[in-house]
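Asker: Quick one: sequence plus predicted model below, questions after.
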Amino acid sequence: MLKPFSRYLKAVEEYLPSEHHPLLRNSLYLAILDWYTDGVDPREAAARISNAVAG
């Protein structure tokens, strides 16, 4: 059984292109944890990541 944050990471991953998935476990992990604790919807978190990567 996945813990709540792991489920959140999986949900964010679903809304991202596969080439962005490594960012979730590496450089953006703490930012995503912060968004999780702030109650940011996974879809919004994915949009933030996509916008940042797109520049």
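Answerer: Sure, I can see it.

Asker: from here on, contacts and neighbour counts on C-alpha atoms
Answerer: Noted.

Asker: Now do residue 46 against residue 22, distance only.
Answerer: Between residue 46 and residue 22 the distance, using Cα to Cα, to the nearest Å, works out to 13 Å.

Asker: Then residue 16?
Answerer: Using Cα to Cα, we find residue 16 at a distance of 11 Å from residue 22.

Asker: of these two, who's got more company?
Answerer: Neighbour comparison, residue 16 and residue 22: the larger count goes to residue 16, with 17 against 12 (by other Cα atoms under 10 Å).

Asker: shaky segments in the chain?
Answerer: Within the chain, the ranges that satisfy pLDDT under 70 run 1-2.

Asker: for the helix ranked longest in the chain, packing partners?
Answerer: The residue-count maximum for a helix in the chain (DSSP state H) belongs to helix 42-54. Packed against helix 42-54 by the contact rule (3 or more Cα pairs under 8 Å, 6 or more residues apart in numbering; DSSP states H and E) you find helix 4-14.

Asker: can you list contacts of the helix it packs on?
Answerer: Contacting residues not belonging to helix 4-14 are listed as 21, 24, 32, 33, 36, 42, 43, 45, 46 [Cα atoms under 8 Å, 6 or more residues apart in numbering].

Asker: what's around the fourth one, how many residues?
Answerer: Summarising burial for residue 33: neighbours were counted as other Cα under 10 Å, giving 17.

Asker: swap in residue 50?
Answerer: Residue 50: 15 neighbours (other Cα under 10 Å).

Asker: On the three-state scheme, the nearest residue to it once chain neighbours are set aside is what?
Answerer: The shortest distance from residue 50 to any residue other than its chain neighbours is 7.2 Å, reached at residue 16 (Cα to Cα, 6 or more residues apart in numbering). Here residue 16 is coil, with the state taken from DSSP: H, G, I helix; E, B strand; the rest coil.
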